[in-house]
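starting from these lines, generate the structure:
(chains A, B and C)
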Amino acid sequence: MDYQFDFHFLTGKADMLLEGLWVTLQLTLYANAMGVVLGFVLCLMAMSKFRMLRWPCQLFIEFFRCTPVLLQIVWFFYCIPILFQVYIDPITMGVLALGLNLTAFNAEAYRAGIQSVPKAHFDACVALGLKSWQQTLYVVLPQSLRTAMPVLLTNGISLMQQSALVAIVAVSDLMYMGKSIAVDAYRPLETYSLIALIYFLMALPISHLVNVFERRQDAAMQR
Amino acid sequence: MNTAEVVVNMPPANAMEAGQFIQLDNVFKAYNNELVVMDGMNLDMRADDRLVIIGPSGSGKSSLLRVLMGLEGIQGGDINFHGQPYIKSENNDSKVVSDELHSRVGMVFQHYTLFPHLTVMGNLILAPMKVHGKDKQSCIAKGRELLARLGLEDKVDYYPSQLSGGQKQRVAIARALMLEPELMLFDEVTSALDPEMVTEVQNVMMQLAEQKMAMIIVTHDMHFAREIATRVVFCAGGKIVEQGTPDEVFGNPKEARTREFLDKVLHLN
Amino acid sequence: MEIDFSIIWPYMPVLMQGLWVTVAITLGCAIAGSLLGFVVSLGRMVNNVLVSGALKLYVEFFRGTPLLIQLFWIFFCFPVVLGISIPPYVSVIISLTLYMGAITSETFRGSLKSIEQEQHDACTALGLKHSTKVIYIIFPQALLRAIPPLLSNIVSLFKESALISSVGIADLMFIGQNISNSTAHPVEFLTTVAIIYFVVAFPLTRLVGYVESRMLTRYAI
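Got it, this is the predicted structure:
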């Protein structure tokens, strides 16, 4: 291997990288806020008794889960302006595309959580005379959240990684900045290595949190 | 052909004498150096003994079986089998000294532990083929005969998931018998069963008892204990508190703790 | 602007060619990646800190960084570091295989760990040797349990493979985007491409559920 690594030039690009990092963080946080809240709403609607409500929601979930995120992003950036005759700034558009994708995945996580509540608990609620909303609020929600939490966090990290795809439609996130630096300096190896490391380090604490959650859950289930 | 020969492997005649079959000498066992489950346990089992171990939960009943099967180690004392060292406490990891002796012991568990990806026959023939190197045809023939004796001849190609609890447990017994053990260990084998299936499993065990199979049984079913045992052992706090014939222990317990325990469990029924 | 889906018909054969590339690369990398993943999952159980540590780092890194960067990195890295130029499609096959290897190694690890202690106890009671236990009891059960999540992994790879368009591989995504740009009809073409992906992936996700329930009734695992 004759290649000489040279990371020195990157110090001059710190501004650009920080700027990109900030965009990535914004995309991740806003899309997660959207996914956590709307995911629950969508999940309840997709489990509704009313077919006219349930079916479109299920279709929405399946469509977002069964097509590439890259395609979803490209579709939003090219088609939304044409279809609705609106201009939306790139970051908002990125949040919208990523957030709706996450909504679909989180809805599934919530659904699995709700289904994991033992059937006997519903019977117990009836036996104890709890009203339907009390049952949902005090028995179903806490248990399903507990089950769903690790999955929500994992989905959240995946979303941060998926957010790199907005670079392809020229949103100036961390990936995009890295790409332009790599091209300008003609040092793709160092640049992509550094960016990969940044993404990796950002995901690390959260994946540890997921591990802690899962271990606790295992312990709780054994009791 | 005498069917008894198919199932029960009789130990040598001298094993009927004391000290010649299973012998526990001052066995000590604790989990995490805290929870003591066997506290200087001594036991002498003859080859014509059918031991039923009773006692409150956590008294070390299951631990005794798991130790004898080589599933867990001990921290003190020795266990001899046929007058030879079988399990030593020197090294926690080396649970069993002699593989040869180990292969003379069979065990049936509370939760069947059948291999879910193998058929009934697959479960039966795996160990004889892989451990004893027997050929497949003779294993299958033997398996069929065994299953027929246990009333399972039509389940040969079933998967465990397609069987009832009682059927699974009978298959588990058949699987252990395939290796022609001299000693069978039964660890609460009817505890997980629906009540209507308990009898079919107990009948199989009685069948083995009639053929003088040596066994150690841990059970909560006192009526069955009285019926099958030649000797009843009452354990509490990791020690053997009292032992004797079923009539002695159930009819006229000497120790206060035994009486107390029997009062509790018998009045429940 | 008029939305007119009839304009897609002349382009259908080209799109199908793209789908073929996507499917071929997905399948190839799924098979190679699963084999790699299985070996890695075993390697991580080895008692050698160096081996298991290195493999852990590999898995964590490929799971913890965006696939897009992995694609770019390998695309640029091989020619520069190794001094050999490789065709783009080889580079993406390497990338996706390494990615799939990391993902599936976790699937296998999970299924290997999911075998209950009782099964190990039963093997000890029957006097099975360690190698016999692993080959006849642990592997078969673990592999059966791994099938549904492996299928899910493959569906994910099928979707993620759209990223190879960014390094110029003419897959379904690449062709769809090109046509949509050159005809200036993104709504029709991008929607059609989305529907094609959906039509392939959706039945596969149903299959996962079906296989799962079949396993449950057949083997109760």
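
so which residues on the stretch 101-250 of chain B come close to chain A?
For the stretch 101-250 of chain B, no residue is in contact with chain A (Cβ under 8 Å from any Cβ of the partner chain). (C-beta placed from N, C-alpha, C; glycine too.)

where do the helices sit along the stretch 101-250 of chain B?
B:120-131, B:136-149, B:165-177, B:195-210, B:222-228, B:246 (DSSP state H, counting those that start in this stretch).

run a quick neighbour tally on residue 53.
Defaulting to chain A. Neighbour count of residue A:53, defined by other Cβ atoms under 10 Å in any protein chain shown: 14.

you looked at the wrong chain, it should be chain B
For residue B:53, the neighbour count with other Cβ under 10 Å is 26.

so it: helix, strand or coil?
Applying DSSP: H, G, I helix; E, B strand; the rest coil to residue B:53 yields a three-state assignment of strand.

wait, doesn't it sit right on residue B:215?
No. If you go by Cβ atoms under 8 Å, residue B:53 and residue B:215 don't touch, sitting 10.8 Å apart.

in the worst-scoring helix or strand of chain C on mean pLDDT, what counts as buried?
Here the helix or strand of chain C ranked lowest by mean pLDDT, DSSP states H and E is helix C:67-82, holding a mean of 86. Across helix C:67-82, burial judged by 16 or more other Cβ atoms under 10 Å in any protein chain shown covers C:67, C:68, C:69, C:70, C:71, C:72, C:73, C:74, C:75, C:76, C:77, C:78.

for stretch A:189-202, same thing?
Neighbour-count burial for stretch A:189-202 [16+ other Cβ under 10 Å]: A:189, A:190, A:191, A:192, A:193, A:194, A:195, A:196, A:198, A:199, A:200, A:202.

list the contacts of the second one.
Counting by Cβ atoms under 8 Å, 6 or more residues apart in numbering or on different chains, residue A:190 makes contact with A:5, A:6, A:7, A:9, A:10.

could I get the contacting residues of residue B:60?
By Cβ under 8 Å, 6+ apart, residue B:60 lies in contact with B:29, B:37, B:38, B:39, B:41, B:235, B:237, B:238, B:239.

change it to 10 Å
B:27, B:29, B:35-39, B:41, B:53, B:67, B:235-240 (Cβ atoms under 10 Å, 6 or more residues apart in numbering or on different chains).

and the helix of greatest length in chain A, how far out from the chain middle?
Looking across chain A with DSSP state H, the single longest helix is helix A:188-222. How far helix A:188-222 lies from its chain's middle: 14 Å, per Cα atoms, centre = their mean, to the nearest Å.

and what of stretch A:146-153?
12 Å.

out of the helices of the stretch 101-250 of chain B, which one sits most buried?
When the helices of the stretch 101-250 of chain B are scored by mean count of other Cβ atoms under 10 Å in any protein chain shown, the highest mean neighbour count falls to helix B:165-177 (a mean of 24).

quick one, that one and helix B:120-131 angle?
Interaxial angle, helix B:165-177 versus helix B:120-131 (axes from the mean of the first three to the mean of the last three Cα atoms, to 10 degrees): 20 degrees.

the inter-axis angle of helix B:165-177 versus helix B:136-149?
140 degrees.

show me which residues of chain C sit near chain B.
With the criterion set to Cβ under 10 Å from any Cβ of the partner chain, chain C comes near chain B through C:116-129, C:131-133, C:135-137, C:139-145, C:215-221.

can you say which of the contacts of residue A:190 are buried?
Buried residues within those, counting neighbours by 16+ other Cβ under 10 Å: residue A:10.

the contacts of residue A:190: which ones sit near chain C?
Among the contacts of residue A:190, the ones lying near chain C by Cβ under 10 Å from any Cβ are residue A:5.

quick one, what contacts residue 112?
Looking at chain A here, since you left the chain open. Contacts of residue A:112 (Cβ under 10 Å, 6+ apart): A:43, A:144, A:147, A:148, A:151.

meant chain C, my bad for not saying
Neighbours of residue C:112 in contact, by Cβ under 10 Å, 6+ apart: C:38, C:41-42, C:44-45, C:134, C:138-139, C:141-143, C:145-146.

nearest to residue A:124, of these?
Nearest to residue A:124 among those is residue C:145, at 31.4 Å by Cβ to Cβ.

neighbours around the closest one, how many?
Neighbours of residue C:145 (other Cβ under 10 Å): 23.

these two touch, right, it and residue C:220?
No. Using Cβ atoms under 10 Å, residue C:145 makes no contact with residue C:220, being 11.2 Å away.

for the chain, what are the low-confidence residue spans?
All of this refers to chain A. For chain A, applying pLDDT under 70 flags the ranges A:1-2, A:219-223.

could you do chain C instead?
C:1, C:221.

what of the stretch 151-269 of chain B?
Using pLDDT under 70, the stretch 151-269 of chain B drops low at B:268-269.

residues touching whichever residue of it sits closest to chain A, list them.
At 17.8 Å from chain A, residue B:192 is the closest residue in the stretch 151-269 of chain B, using Cβ to the nearest Cβ. By Cβ under 10 Å, 6+ apart, the contact list for residue B:192 reads B:109, B:110, B:111, B:112, B:165, B:168, B:169.

which one of these is nearest residue B:119?
Nearest member of those to residue B:119, counting by Cβ to Cβ, is residue B:168, at 12.6 Å.

list the contacts for the closest one?
Residue B:168 is in contact with B:111-114, B:120, B:123, B:155, B:158, B:160-162, B:192-193, B:197, B:201, counting by Cβ under 10 Å, 6+ apart.

helices of chain C, start to end?
Ranges of helices in chain C, per DSSP H, are C:12-43, C:49-64, C:67-82, C:88-113, C:117-125, C:130-132, C:139-160, C:172-183, C:186-219.

do the same with chain A
A:14-46, A:51-65, A:69-84, A:90-115, A:119-127, A:132-134, A:141-162, A:174-185, A:188-222.

in CSV, list those helices along with distance to residue C:190.
Below are the helices of chain A laid out as CSV (distance: least, Cβ to Cβ, whole Å):
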stretch, distance to residue C:190
helix A:14-46, 21
helix A:51-65, 13
helix A:69-84, 5
helix A:90-115, 12
helix A:119-127, 43
helix A:132-134, 42
helix A:141-162, 18
helix A:174-185, 21
helix A:188-222, 27
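
you'd agree residue B:204 is up against residue B:150?
Yes. Residue B:204 is in contact with residue B:150 according to Cβ under 10 Å; the separation is 5.6 Å.
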